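S.K.: compute the structure for the input listed below.
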Amino acid sequence: MKEVDLEKIQQAVRMIIEAIGDDPDRDGLLDTPKRVAKMYAEVFEGMRINEEEYFETVFSEDHEEMVLVKDIPFYSMCEHHFVPFFGKAHVAYIPRGGRVVGLSKLARAVEAVARRPQLQERITSTVADAIVRKLDPHGVVVVVEAEHMCMTMRGVKKPGSKTVTSAVRGIFANDAAARAEVFSLIRT
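M.R.: Next up, the predicted model:
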């Protein structure tokens with residue numbers, strides 16, 4: 001994957017400042033292009049990370065019951081308007097054959113996927129599908145709850161509204177009791 005071109009971002013931000021009718025050389029804006037370029041390099045660092053790498057190291061544990069990490073905070077950038085959206089992700093899986101990963105790896109995968117120009121729906125399915133591909137669990141559920149600044153500060157202007165997406169794979173898709181259990185645990 002190509003590295004971030006900080007100079008190009010700085011030029012683009014300078015042009016945006018000029019295009020909105022402000023002076024990019026005034027005191028308050030003088031270093032803004034540089035700051036925005038550094039910020040973009042940070043908030044889009046997921047462009048250079050393959051989320052499946054977090055599931056390379058597996059541990060063998062005699063455990064084939066649900067594992068749930070909930071309330072994983074994340075920040076992302078809407079690919080439609082390039083404004084932030086943020087919220088929490090909940091990731092659950094039922095290991096197969098004792099294949100478990102470190103709990104932090106679930107949170108790291110969410111973080112990597114979120115740090116791209118993104119859609120909430122894609123974060124949800126990408127994380128679920130990566131776990132399915134790398135761990136071959138009995139089932140996976142990923143639920144993402146987020147507030148989108150494109151709905152808060154522009155357009156419909158509805159602060160506090162949340163969007164909830166879910167990806168349900170394996171046993172959770174086919175077993176009503178398993179599905180009810182995981183969603184009950186996420187809600188509590």
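
S.K.: T57 touches V101, doesn't it?
M.R.: Yes: at 6.9 Å, T57 and V101 qualify as touching, with contact defined as Cβ atoms under 8 Å. Every C-beta, even on glycine, is put in place using the N, C-alpha and C of the backbone.

S.K.: out of those two, which sits in the more crowded spot?
M.R.: The residue with more neighbours, out of T57 and V101, is V101; 22 against 9, by other Cβ atoms under 10 Å.

S.K.: which stretches of this structure form helices?
M.R.: Along the chain, the stretches classed as helices by DSSP state H are 6-19, 32-43, 103-114, 120-135, 149-152, 171-174, 176-187.

S.K.: put the alpha carbons of the third one into PDB.
M.R.: Only the C-alpha atoms of helix 103-114 are listed here, as PDB (Å, rounded to 0.1, in the frame of the first residue of the first chain):
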ATOM      1  CA  LEU A 103      -8.800 -10.300  23.500                       C
ATOM      2  CA  SER A 104      -6.900  -7.200  22.500                       C
ATOM      3  CA  LYS A 105      -6.600  -8.600  18.900                       C
ATOM      4  CA  LEU A 106     -10.400  -8.200  18.500                       C
ATOM      5  CA  ALA A 107     -10.200  -4.500  19.500                       C
ATOM      6  CA  ARG A 108      -7.100  -4.000  17.300                       C
ATOM      7  CA  ALA A 109      -9.000  -5.400  14.300                       C
ATOM      8  CA  VAL A 110     -11.900  -3.000  14.900                       C
ATOM      9  CA  GLU A 111      -9.400  -0.100  15.200                       C
ATOM     10  CA  ALA A 112      -7.600  -1.100  12.000                       C
ATOM     11  CA  VAL A 113     -10.700  -1.400   9.900                       C
ATOM     12  CA  ALA A 114     -12.200   1.800  11.300                       C
END
